[in-house]
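only geometry, no sequence info:
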């Protein structure tokens with residue numbers, strides 16, 4: 001045993017006796033290594049370094065959960081997607097919101113303590129593929145750490161919210177963003193970034209928790225030829241798996257969410273994202289595995305040294321990231337105790353991996369998969385269906401799962417007593433239409449290398465039939481030892497919330513339809529529900545104050561599914577609104593939310609279409625590439641951002657140009673597109689929105705949703 005491991009073991013013994021964050025109220029290495037034993041608090045994103053999101057608290061259990069009531073709530077000041085996991089430290093709750101804001105509350109009463117706004121420039125929103133969200137904070141000592149949408153890492157005084165230091169972690173001239181929560185290991189703050197859809201090179205960095213000095217940086221893809229002579233061996237090895245001039249397109253591989261840490265092995269695990277562009281034919285002509293895209297990589301947290309990797313999707317071309325939740329556990333497999341890492345990435349397969357060596361132990365699909373027939377256990381590689389390689393065939397392929405994944409960022413949870421992993425599953429396909437002669441646009445718009453306009457001009461008959469009818473979601477209880485489904489809760493739509501498992505035999509999850517629910521951990525029976533009035537996509541937490549158990553969740557409909565596919569119907573009918581709130585529950589509480597405000601939407605009442613019908617082909621393409629990620633596929637907008645079919649400026653070409661060409665609303669996030677589109681093509685976008693609005697007006701203004 002190393003000296004470091006011996007010290008950690010001794011620290012564990014001391015901490016298990018005290019179960020406090022530390023004697024002085026600060027967060028140190030002992031507290032973080034033993035966070036699983038600290039049931040009163042929630043001091044790191046996944047509750048512990050293993051990221052199991054399991055709390056042993058059992059006051060709220062299968063027998064008492066019926067008495068769970070609203071203790072307090074707090075309205076947020078940002079009506080955008082809310083994805084954060086709160087932290088709770090010594091009776092105080094800290095949470096981030098959309099636009100990278102931070103708020104602090106008394107965890108028992110909801111009394112506001114302080115708030116902090118990093119004043120992210122509104123125009124940063126155009127760089128965020130998937131809403132202006134933030135997933136949470138990290139804690140160390142007496143500080144909190146925040147990654148901002150515009151790429152800063154900021155240290156705040158935990159008591160007052162005052163800025164201790166701030167450092168820029170990205171090249172802000174490029175479309176990098178940060179939406180994920182930092183982690184801290186031994187005084188090193190770890191943060192990644194996003195932006196692969198727009199053309200960047202991914203990496204994760206470590207900063208000194210005291211002063212913000214950068215300590216190391218780990219790039220996930222090799223750089224240009226001028227960097228080859230100085231790069232580390234792991235990048236030199238990766239270079240042989242790439243072709244062409246990928247560095248001119250960024251390469252991708254952003255580390256935008258998942259991390260976990262094994263203190264005994266001293267290994268940090270990171271999840272690496274998709275390629276830039278998606279279509280490998282443009283990113284790496286001639287193929288190749290393209291390391292370390294779509295990989296789980298093990299590093300030494302002190303130095304950033306590469307240790308091992310496992311690539312879930314070699315040569316990825318479908319946006320099949322491996323940035324989804326990474327979870328550590330010790331499982332008995334075939335009579336032997338194994339230290340494993342578990343992940344359900346976008347590609348639809350659940351992986352159990354030896355976390356010391358990276359050896360694949362088992363894999364099976366947790367949701368229907370048609371792009372591969374399974375995983376070759378000898379090589380660890382997916383057995384691909386040849387037709388799935390649209391980048392090679394040049395022919396369209398409708399993949400299941402699609403680009404949204406069988407599982408996205410929403411955290412899973414593990415119940416050690418039941419031996420089950422709970423997965424928020426998305427059941428949706430995606431059409432990949434390879435685009436001939438595709439060209440990147442490094443100014444604006446998705447750089448994915450496929451024709452995104454395939455779904456932007458649905459025939460009226462398809463609208464009538466409900467083209468999105470086959471898209472659903474589910475909560476799946478998965479046995480990682482047998483690689484089989486134990487039970488399932490089916491939902492009418494995707495994009496349901498992250499999970500929390502508890503010692504009370506419960507699993508908590510919010511739904512896209514606006515409910516917050518508790519299920520039996522062993523059988524999936526619904527035991528309790530609360531009408532949240534908005535879609536709940538964030539995961540819940542639980543904690544105690546003065547020995548009383550609370551359950552908290554941040555509610556607020558948003559994220560890429562709420563924006564791009566145009567939302568879903570809730571569980572009663574109608575569109576899902578955004579009402580951003582922090583909801584906190586305890587047994588016996590009788591609080592109530594104010595009545596839900598009516599969802600008021602402008603009618604679909606457009607002016608007549610006066611454009612050139614032959615120009616709709618170009619306009620359809622432009623809309624899909626430059627507008628659809630925020631304003632919805634086929635211009636079927638969400639309730640979070642403006643639905644262009646209902647826009648008040650459809651009949652005013654001059655105002656439309658001021659907004660879309662000149663950027664009159666840039667401070668609100670609606671930048672101008674003059675760098676990419678001429679005024680004529682921007683007028684084409686107006687005519688496209690008018691055309692689509694008239695199509696849906698014929699249906700009584702329904703489209704795919706009310």
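Right, received. Where do you want to start? Just so it is clear, the structure is predicted and the values come from calculations on it, not from any experiment. Residues are numbered from 1 along each chain as shown.

which strand or helix spans the closest residue to residue 644 other than its chain neighbours?
Residue nearest to residue 644 in three dimensions, not counting chain neighbours: residue 689, with 4.3 Å by C-beta to C-beta, 6 or more residues apart in numbering. Quick note: C-beta positions are derived from backbone N, CA and C, even for glycine. Taking DSSP states H and E as the definition, residue 689 sits inside helix 679-697.

show me which residues of that helix are buried.
By 16 or more other C-beta atoms under 10 Å, the buried positions in helix 679-697 come out as 681-697.

elements contacting that helix?
helix 460-465, helix 616-626, helix 653-660 (3 or more C-beta pairs under 8 Å, 6 or more residues apart in numbering; DSSP states H and E).

show me how far the helix or strand containing residue 154 is from its chain's centre.
Using DSSP H and E, residue 154 sits in strand 152-157. Mean-position distance between strand 152-157 and its chain equals 21 Å (C-alpha atoms, centre = their mean, to the nearest Å).

and for stretch 440-453?
Using C-alpha atoms, centre = their mean, the offset of stretch 440-453 from its chain centre is 21 Å.

what does that stretch contact?
126, 129, 197-199, 249-250, 276-279, 281-283, 319, 390-391, 432-435, 438, 620-621, 623-626, 628-629, 671, 673, 675-677 (C-beta atoms under 8 Å, 6 or more residues apart in numbering).

report the buried members of those.
For the contacts of stretch 440-453, a neighbour count by 16+ other C-beta under 10 Å gives the buried set as 126, 129, 197-199, 249-250, 276-279, 281-283, 319, 390-391, 432, 434-435, 438, 620-621, 623-626, 628-629, 671, 673, 676-677.

so, low pLDDT: which residues of the stretch 601-706 of the chain?
701-706 (pLDDT under 70).

try 50
In the predicted model, the stretch 601-706 of the chain carries pLDDT under 50 at residues 702-706.

ok, now which ones touch the residue minimising distance to the centre of the chain?
Geometric centre of the chain, nearest residue: residue 409, 3.3 Å, by C-alpha atoms, centre = their mean. Shown in contact with residue 409 (C-beta under 8 Å, 6+ apart): 83, 135, 257, 323-325.

need the residues you listed in CSV with pLDDT, can you?
Formatted as CSV, the contacts of residue 409 follow (pLDDT from 0 to 100):
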residue, pLDDT
83, 98
135, 98
257, 98
323, 98
324, 98
325, 98
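
which among these gets closest to residue 663?
Proximity of the contacts of residue 409 to residue 663 (C-beta to C-beta) peaks at residue 83, which lies at 27.0 Å.

check contacts around the closest one.
Per C-beta under 8 Å, 6+ apart, neighbours of residue 83: 133-135, 179, 409, 537-538, 554, 558-559.

if we use 6 Å, what do you get?
133, 135, 537-538 (C-beta atoms under 6 Å, 6 or more residues apart in numbering).

what's the farthest-apart pair in those residues?
Greatest spacing in those, by C-beta to C-beta: 135 and 537 (10.5 Å).

which of the two has more neighbours?
Between residue 135 and residue 537, residue 537 has the larger neighbour count (other C-beta atoms under 10 Å), namely 30 against 24.

and the more buried one, what element?
Assigned by DSSP H and E, residue 537 falls outside every helix and strand.

list the contacts of it.
83, 497, 559.

switch to 7 Å and redo it
By C-beta atoms under 7 Å, 6 or more residues apart in numbering, the residues touching residue 537 are 81, 83, 410, 495, 497, 510, 558-559.

could you find the closest non-adjacent residue to it?
Per C-beta to C-beta, 6+ apart, closest to residue 537 is residue 497, 5.0 Å.
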